[in-house]
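J.: Got a predicted model here, sequence first, then my questions.
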Amino acid sequence: MAYLLRDMRLFDSLTERDRADLVHFMHEKRYASGEILCTRGEHGNTMIVVVQGALSAVVPGADNLPREIAHLGQGGV
């Protein structure tokens, strides 16, 4: 997985060794399309790196319909 971090801006300042060390703390997890990863107000302790596909952050809008407030594609964190 270290090769994935090489092309991500967030990890630019890390050395190859640093990235290799970081990988030991990473776990691959796959999600189904439409699956909810977290909810508003929930405390988290995870950083998600989008390897394939995309993620959307969605909140209820003024009309109570879903409103996308962020979109992360491949390489997004």
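T.: Great, that's in hand.
J.: residues contacting the residue nearest to the spatial centre of the chain?
T.: Closest to where the C-alpha atoms of the chain average out (Cα atoms, centre = their mean) is Ile48, at 2.8 Å. Going by Cβ atoms under 8 Å, 6 or more residues apart in numbering, Ile48 touches 37, 55, 77. Glycine gets a C-beta too; all of them are placed from N, C-alpha and C.
J.: check which helix or strand covers Val58.
T.: strand 55-60 (DSSP states H and E).
J.: After that strand, which helix or strand is next?
T.: Past strand 55-60, the next helix or strand by DSSP H and E is strand 66-72.
J.: got the CA positions of that next one in CSV?
T.: Provided in CSV are the C-alpha atoms of strand 66-72 (Å, rounded to 0.1, in the frame of the first residue of the first chain):
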residue,chain,number,x,y,z
PRO,A,66,-29.9,15.1,0.7
ARG,A,67,-27.3,17.8,-0.1
GLU,A,68,-23.7,16.8,-1.1
ILE,A,69,-21.2,19.0,0.7
ALA,A,70,-18.0,17.2,-0.3
HIS,A,71,-16.9,14.7,-3.0
LEU,A,72,-13.7,12.8,-2.9
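J.: Tell me which residue of this structure is furthest from the middle?
T.: Farthest-from-centroid check, the chain (Cα atoms, centre = their mean): Asp63, 27.7 Å.
J.: how close does it get to Ala70?
T.: Computed as Cβ to Cβ, to the nearest Å, the Asp63 to Ala70 distance reads 19 Å.
J.: Same check on Leu4?
T.: For Leu4 relative to Ala70 (Cβ to Cβ), the value is 20 Å.
J.: can you pull the contacts of Val77?
T.: 8, 10, 47-50 are the contacts of Val77 under Cβ under 8 Å, 6+ apart.
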